[in-house]
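Participant: curious how this folds, go ahead:
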Amino acid sequence: MGLVYADLEVRRESGPSCNVRFLVDSGATLSVLPWQVWHTLGLKPLRSMVFTLADGTTMRRRVSGCWFRFRGIEAPSPVILGQRRDTALLGTLTLEALGLVLNPFERTLRPMRMILALAGLRERVEPRPSRRLGRRGTCPGRMLTCDA
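Facilitator: Modelled structure (predicted):
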């Protein structure tokens with residue numbers, strides 16, 4: 001499959017920004033900012049969390065949040081505040097926040113197909129003519145109310 005890298009801009013909500021080359025890790029939940037990057041940005045730890053590595057060992061890391069920008073798309077995401085030797089990783093929460101998905105075959109990031117679940121929501125829709133319901137009533141098989 002190979003390794004996939006992406007160049008993104010990261011910043012605090014208000015403050016300096018840095019351009020960072022991330023290894024895209026579709027198996028990681030949170031992104032990791034190297035020590036030098038988050039210190040330059042002036043990020044402060046918000047809490048501490050315990051993480052399990054692939055070999056089963058656990059480690060505690062501090063977590064914060066920052067803004068990511070990729071090809072004009074910008075979104076906030078939680079990040080692990082890495083230590084001095086940690087690598088910049090781009091995790092799935094950041095990818096999802098940016099509306100991106102990894103294409104492992106082309107080794108690229110592409111826009112994600114966004115899905116909106118409508119179950120339980122009510123909204124006005126144009127009904128399709130139905131012999132059962134005529135022009136007014138509840139749409140068959142949907143949880144939407146139709147008004148003609």
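Participant: and the gap between residue 10 and residue 93?
Facilitator: Distance check for residue 10 against residue 93: by Cβ to Cβ, to the nearest Å, it reads 14 Å. Every residue, glycine included, has its C-beta placed from N, CA and C.
Participant: pick out whichever of those two has more residues nearby.
Facilitator: residue 10 (25 against 16; other Cβ atoms under 10 Å).
Participant: residue 80 bridge partners, please.
Facilitator: residue 32, residue 63 (DSSP bridges).
Participant: how many residues are close by it?
Facilitator: Other residues close to residue 80 by other Cβ under 10 Å number 22.
Participant: show me the contacts for it.
Facilitator: Residues counted as contacts of residue 80 (Cβ atoms under 8 Å, 6 or more residues apart in numbering) are 30, 31, 32, 33, 49, 51, 61, 62, 63, 86.
Participant: what does residue 64 give?
Facilitator: 38, 43, 44, 45, 46, 78, 79, 81.
Participant: how about the residue most central in space within the chain: what's its closest non-neighbour residue?
Facilitator: Per Cα atoms, centre = their mean, the C-alpha nearest to the average position across the chain is that of residue 96, at 2.3 Å. Excluding its sequence neighbours, the residue lying closest to residue 96 (Cβ to Cβ, 6 or more residues apart in numbering) is residue 112, at 7.1 Å.
Participant: could you check how far the one you found is from residue 103?
Facilitator: Taken as Cβ to Cβ, the span from residue 112 to residue 103 is 11 Å.
Participant: one more: residue 20?
Facilitator: 21 Å.
Participant: what do you get for residue 71?
Facilitator: From residue 71 to residue 103 the distance is 15 Å (Cβ to Cβ).
Participant: what's the answer for residue 78, then?
Facilitator: 24 Å.
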